[in-house]
Structure formats: structure tokens, C-alpha cells
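1. Coordinates for the following, if possible.
(chains A and B)
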Amino acid sequence: MNIKHTRIDRIILGFNNIFLCIAVLVVLVPLVYVVLASFMDPTVLLNKGISFNFSEWSFKGYQLILSNDAMVRGFINSILYSVGFAIVTVVVCIFAAYPLSVNGFVGKNFFMTLFMITMFFGGGLIPTYLVVKDLGMLNTPWAILLPGAVNVWNIILARTYFKGIPYELHEAAKVDGASDLLIFFKIVLPLSKPIIFVLAMYAFVGQWNSYFDAMIYLEDPNLHPLQLVLRSILIQNQAGPGMISDQQAMAELKKLSEMIKYSSIVISSLPLMVMYPFFQKYFEKGVMAGSLK
Amino acid sequence: MQELVNTQKETALKIPSEKKAVSKLKSKIDYIIKNYHLYLLIAPAVILTIIFKYIPMYGAVIAFKDFSTIKGILGSDWVGVENFTKFLSSPNFADIFMNTLKLSFFGLIIGFPVPIILALMLNQLRRAAVKKNIQLVLYAPNFISVVVIVGMVFIFLSPTGPINHLVSFITGKPLMFMSNPDYFRSIYIISGIWQAAGWSSIIYVAALANVDPELHNAATIDGANILQRMIHIDLPTLKPLMAVTFILAAGGIMSIGFEKAYLMQTSMNLPSSEILPTYVYKVGLQSGDYAYSTAVGLFNSVINVILLFVVNKIVKKLNEGEGLY
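-> Alright, predicted model coming up:
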């Protein structure tokens, strides 16, 4: 488009760009501040603010975080839960979506209704908790992996995707004597890599960033994911046991706990922040696909 | 003789329809047997849904019972609506109810237009690379966990934090952001916008990409400036999408995120930060009053459904008959 802008248009565009710059700064400044502050000595930070005198920078916060058992264990647990949850929910949802996309599948409406109802009604926190408890899943990773595994939204997305695969491919395979199951594994799945990837990414990110299920279902600190460890550091102000030794003075302790806050934010958010620009396209696709329905 | 013929006729007429029904059922059963593997594929999802969604729905009857873990759901005694009246007549009720309503209502009213404005502004950018990089930055907070967001809020607003550095520089003394109930809602809503506005603008940006450029050309020839075109061409394009998003958001008004409010609570800001979901959690899992907590949760869900209907009606009226359903 090569429209010649009038003067008033240029002024409007100028304001437009200024406002966008402000928006970008509003988002960026807190993030950059946290990253820079994580390298600062708390006393320097308190008195002088962010300093670019690199001799004043320290990696103490990171050293403390990376040598802390609770934090490392939380990190490993979070990876296990997030990968595990992504696999479970993608497998369950993709498997459920395929029959629902097959023409003439008997019971399609029944199953769809069964799933859809759960989007609008639920038993609530306590009844769900009681079921998990009665199944003996408290304090086991199953409590994280299973209750949220069926995501109706994912089933609908995958079903729509499967329906978009040209029917001629199915028919050709059927003529060759392939069953629906064989078609699913040999034709549909290989063609559905993008949607599988999008669903897996969403599940991974969602699980990585959540703390609630772990808080109510997992009492054992050895099972806690990263977000629960972070919660105790950032919000409950309890730098993990062993992170700061008893001999150190109170002032020192407070100082170090400030450092740990910044560095733990950076460490825990780093994986997603680094990963996300590469997959931005896929994430956006997920949003778009969801909004079309 | 005549009778016999008649009955014969009747049976002759009857059989095909019955046969049809039987054969339909038979063909269905045949289909299921022949394609049993399709049912095996869907089985895990069905089983998990029944266990973790339908059994808890049934379990919600404990809201009407004097529930004891020893007697179980079936064995516990019915108490009717006692748990509900207990909540409705409790001194906390009005505060918690209004807190929930205010927090979501203001959150919706203030937060709703921001992504739309962002999208309209992003749409004006002509250079694709610039646009993409700005979007990259604006979307980023969506990937930060709620624990970290609240952690950052605590750090920035602490009495010795950077914001209070500025505040005490200007006014001479720091503000107690996190322990003053007056600030809770603003902090909650602003940090929410900071995190989600960029990401929520995605669908609007995409919708704007579909606007027919001819419309803009025609309007330009007629002498409309960019702002006028934004308001009279771009904005109307977004209207149906806005209606749907608004109804969905309003329907969720009472199911406002537990996770963030709970983390942001301090003992000092409870007068404005205690909302229904956090109350359910506290009386249910922390104090172990399962039945009462379930009743409060159920009350919350019912209000939700009612709101969804009401808002849909209103939007339908305002939007010339176009609602969600």
C-alpha cells in the first residue's frame, strides 16, 4: 500500500507509534529490571539502583539457587510433570478426537455431549479433591497428570483438524483394505504433526506455570514442582532451608533472600522465554484455531 | 374370514417398521463390533471424564448433606439447604460476594478494551518486521507464571522496592501497597492487563488483517483520516468478535482466577482480597469443612450460569440480535 498520508494522518500515526512504544516499554522495563537486578548486590541496588559498573555485579544469587536442593528438585519435577502431562493429555485427546471425526461413527453425539457438558458444569474443588483422595492419588504424580488430562477444547481442535484431512486419502486407503485404525496411525497421525505440536506446547506451558493442583494434591516437598518452591521463596518469603546458613547475620540473610528472589525469577522463567520466540507462530495458531469455533 | 385377513394385513403392516427398528439397532451393534477399536481409542478419555468430572458432579450433593468422611457421600445425613443458608446468613457473605463481583466487574470493564486498542494500533504498522518484534515483546508476559507475576508485584511494590523509591522521592514516604486493602483491586487488575493484554490482542489483530483494503481506499478518497477509518471501518469489523469475547468473559466473571488472588492475599488486605474461590479453598481444604465449602462453590457456579444468560441477553439486544447462542 502506497497511500500518500495527509498531514493529519502523519500526526495520528505519530501518536500511534508513540503509544505503542510506551506499551512496549511498560512490558519490557520490569522484565529487564528483574534480569539486571538479579546480578546486583542488594545494598548497591537499594542505594544506587541498577549499576552498570560490572565490577559490582555478582552471581551469588545464581550460585545459591543452583546449589539449592529444593530448587533443583523442583526444576526436575517440573520438567517431568510438564513433559508427562503433555504426553498424557495429547495422547488421550488425539485418540478421542479421531473416532469423533470418522463419518458414521455410532454414538458421536452421545460422546460429544458427554464431553461438552463438562465445559459448563463441574463438581467443584472439594468433590474433585475427594475423588482424587479416594483413588489414593494424593501425594503421587498421578494427581497432577490425570484429573486435567481430558481437555475438551483440545479434542474439538484435533477433531476439526482431522476433518480437514482430504477424505480421498481415507478412501484410497480403504480401497487397499486398511482399517480405520490403520488409517489413523499411518495416514492421519503423520499428517497431524502441527496440531499435535501445538497441543503439546500448550499443555507443557500450562503445566510448567501452574501451582494450584500441586499445592492441594502434593504434600511431600520432594514432589513439589518449581512453582511451589518459587511460591515459598517469592511470596511466603522463605528462602529454602539450607539456602542460607544459620550462622549468617539477620541483615545478611535478608540481603541474600532479596538476591535469591530476582535470580529465581530469571531461572524459572528462562526456559519458556527462550523457547517462546521460536514457537510464537505455533502458539498464535493455537489461539486462532480456538477462536474460530 | 374377514377378520383373519385384517389381522394378517395388520401384521403385514407392522412387521416392516419393527423389523426396520430391529435391523437399525442390529446394524449399529454390528458397526460397534466391527469398529471396536474406534471405541478403544475414545475409551481413555471417556473413563477419565467420568472419574474426574462426572463422579465429582455427583459428589457435589454433599452440599446438601452433613458430610462426614467416615459415613461417605451416600451414608451422610441430608440437611437440605442448611449449608447454603449458613453461608448466606454468615457475616462474611456480603463482603466476599461483593469483593468477587467488584474484582471481576472492574477487571472486565477496564481490561476488555485494552487488547482491542492494542490491535487497532498494531494494525497501523506497515513494516512487517517492526510489527512482529513489537508483538514478540507484548506477548511475552503471557508465558510468565502467575507465581512469578505476583512475586514481581511484591518485589516492585515492597516498601523498599523501585516503585516506592519514586513514591518516597516525590511524597517523602513509601506507600504500603500490599498491606492496604484499598490498593488490592487496582494492583490485581493492572498486573492482569500487563500480563494478558498483548496475548488477548492476537485474535483482534488477525480479524483486522481480513478487512477489505478497498474499504480503506474508498474512505481515503472520501477524505477520511486514519483515526476516522479506525473508528468507522476497523472497529465495526471487530464488533462480532468483541461480542463473543465479552459474553465469554462476563460468563466467567464469578469464576475469577483463584490462583492469582490467593497469592496476592496478605493478612492485611483480606478485607478486599477475600473472594468466593479463595474462601472455598480455605474453609474446604484448610479447615476441612467439606460440605459447607462445596455449597459455597455450588453457589458460585449457579451465579455464573445466571450471569452468562443475562449478559448474553443484553449483548444480543445491543448487538442487533447477535449473541453467543
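2. wait, doesn't A:Met112 sit right on A:Ser101?
-> No: look at A:Met112 against A:Ser101 with C-beta atoms under 8 Å: they stay out of range, at 11.1 Å. (Each C-beta comes from the backbone N, C-alpha and C, glycine too.)
3. So for these two, which residue has more residues nearby?
-> Neighbours were counted for A:Met112 and for A:Ser101 using other C-beta atoms under 10 Å in any protein chain shown; A:Ser101 has more, 19 against 15.
4. which residue packs closest to the more buried one, ignoring adjacent ones?
-> A:Phe162 (3.8 Å; C-beta to C-beta, 6 or more residues apart in numbering or on different chains).
5. That neighbour - how many residues pack around it?
-> 21.
6. Helix or strand: which one has A:Ile94?
-> Assigned by DSSP states H and E, A:Ile94 belongs to helix A:69-101.
7. What are the contacting residues of the helix or strand just after that helix?
-> Per DSSP H and E, the first helix or strand lying C-terminal to helix A:69-101 is helix A:108-120. The contact list for helix A:108-120, computed with C-beta atoms under 8 Å, 6 or more residues apart in numbering or on different chains, reads A:96, A:99-100, A:150, A:152-153, A:155, B:42, B:45-46, B:49, B:53-54, B:305.
8. which one of these sits closest to B:Val211?
-> A:Trp153 (27.8 Å; C-beta to C-beta).
9. Which parts of stretch B:233-248 count as buried, going by neighbours?
-> B:Ile233, B:Asp234, B:Thr237, B:Leu238, B:Leu241, B:Met242, B:Ala243, B:Val244, B:Thr245, B:Phe246, B:Ile247 (16 or more other C-beta atoms under 10 Å in any protein chain shown).
10. Pull out the buried residues from the helix or strand where B:Ser200 lies.
-> Here B:Ser200 is covered by helix B:181-208, with elements defined by DSSP H and E. By neighbour count with 16+ other C-beta under 10 Å, helix B:181-208 contains the buried residues B:183-185, B:187-189, B:191-208.
11. and what of stretch A:71-88?
-> Those would be A:71, A:73-75, A:77-79, A:81-82, A:84-86, A:88, for stretch A:71-88 by 16+ other C-beta under 10 Å.
12. May I see the buried residues of stretch A:173-186?
-> A:Ala173, A:Ala178, A:Asp180, A:Leu181, A:Ile183, A:Phe184.
13. which residue sits closest to the first one in space, ignoring its chain neighbours?
-> So that's A:Ala173. Spatially, and ignoring its direct neighbours in sequence, A:Ala173 is nearest to A:Ile183 (5.0 Å; C-beta to C-beta, 6+ apart).
14. quick one: the one you found and A:His170 touch, right?
-> Yes: using C-beta under 8 Å, A:Ile183 is in contact with A:His170, at 5.7 Å.
15. residues touching A:Gly206, list them.
-> So A:Gly206 contacts A:Phe85 (C-beta under 8 Å, 6+ apart).
16. what secondary structure does it sit in?
-> Secondary structure, DSSP: H, G, I helix; E, B strand; the rest coil: A:Gly206 is helix.
17. Distance check, it against B:Val146.
-> 11 Å (C-beta to C-beta, to the nearest Å).
18. same question, A:Val274
-> Going from A:Val274 to B:Val146 by C-beta to C-beta gives 20 Å.
19. helices and strands around the worst-scoring helix or strand of chain A on mean pLDDT, which ones?
-> Least confident helix or strand, chain A: helix A:42-48 with a mean of 73, by mean pLDDT, DSSP states H and E. Packing partners of helix A:42-48 (3 or more C-beta pairs under 8 Å, 6 or more residues apart in numbering or on different chains; DSSP states H and E): helix A:250-292.
20. and the helix it packs on, does that touch chain B?
-> Yes: applying C-beta under 8 Å from any C-beta of the partner chain, one finds helix A:250-292 touching chain B at A:261-262, A:265, A:268-269, A:272-273, A:276-277, A:280, A:283-284, A:287-288, A:291.
21. SS state for the residue of the stretch 1-150 of chain A at minimum distance from chain B?
-> When distances are taken as C-beta to the nearest C-beta, the stretch 1-150 of chain A reaches nearest to chain B at A:Gly123, 2.6 Å away. Here A:Gly123 is recorded as coil under three-state DSSP.
22. Can you name the residues that contact the nearest residue to it once chain neighbours are set aside?
-> Once flanking residues are discounted, A:Gly123 sits nearest to B:Pro56: 2.6 Å by C-beta to C-beta, 6+ apart. By C-beta under 8 Å, 6+ apart, B:Pro56 lies in contact with A:Gly122, A:Gly123, A:Gly124, A:Pro127, A:Thr128, A:Leu130, A:Val131.
23. now swap in A:Pro277 and tell me
-> Taking C-beta under 8 Å, 6+ apart, we find A:Pro277 in contact with B:Leu136.
24. Mind doing that once more with 10 Å?
-> Taking C-beta atoms under 10 Å, 6 or more residues apart in numbering or on different chains, we find A:Pro277 in contact with B:Lys132, B:Asn133, B:Leu136, B:Val137, B:Tyr139, B:Ala140.
25. Beyond the lowest-mean-pLDDT helix or strand in chain B, next helix or strand please.
-> Of all helical and strand segments in chain B, the minimum by mean pLDDT, DSSP H and E falls on helix B:2-34, at a mean of 68. Counting by DSSP H and E, the next helix or strand C-terminal to helix B:2-34 is helix B:36-49.
26. Buried residues, the following helix or strand past that next one. List them.
-> Of the helices and strands lying after helix B:36-49 in sequence (DSSP H and E), the nearest is helix B:55-59. Across helix B:55-59, burial judged by 16+ other C-beta under 10 Å covers B:Ile55, B:Pro56, B:Met57, B:Gly59.
27. which residue sits closest to the third one, ignoring its sequence neighbours?
-> The one in question is B:Met57. Closest residue to B:Met57 apart from its sequence neighbours, by C-beta to C-beta, 6+ apart: A:Gly123 at 4.4 Å.
28. Of the buried residues of stretch A:173-186, which pair is most distant in space?
-> The largest separation in those, counting by C-beta to C-beta, is between A:Ala173 and A:Leu181 at 11.2 Å.
29. list residues touching both of those two?
-> If you check A:Ala173 and A:Leu181 against C-beta under 10 Å, 6+ apart, no residue is contacted by both.
30. Tell me how many other residues surround residue 274.
-> All of this refers to chain A. 9.
31. The intended chain is chain B.
-> B:Glu274, neighbours per other C-beta under 10 Å, totals 21.
32. For the closest residue to it other than its chain neighbours, list the residues it contacts.
-> Spatial nearest neighbour of B:Glu274, excluding adjacent residues (C-beta to C-beta, 6+ apart): B:Ile96 at 5.4 Å. Shown in contact with B:Ile96 (C-beta under 10 Å, 6+ apart): B:Phe87, B:Ser90, B:Glu274, B:Ile275, B:Leu276, B:Pro277, B:Thr278, B:Tyr279, B:Val280, B:Val296.
33. can you do 6 Å?
-> Shown in contact with B:Ile96 (C-beta atoms under 6 Å, 6 or more residues apart in numbering or on different chains): B:Glu274, B:Leu276, B:Tyr279.
34. element containing it?
-> helix B:93-111.
35. can you pull the buried residues of that helix?
-> In helix B:93-111, counting by 16+ other C-beta under 10 Å, buried: B:Phe93, B:Asp95, B:Ile96, B:Phe97, B:Asn99, B:Thr100, B:Leu101, B:Leu103, B:Ser104, B:Gly107, B:Leu108, B:Gly111.
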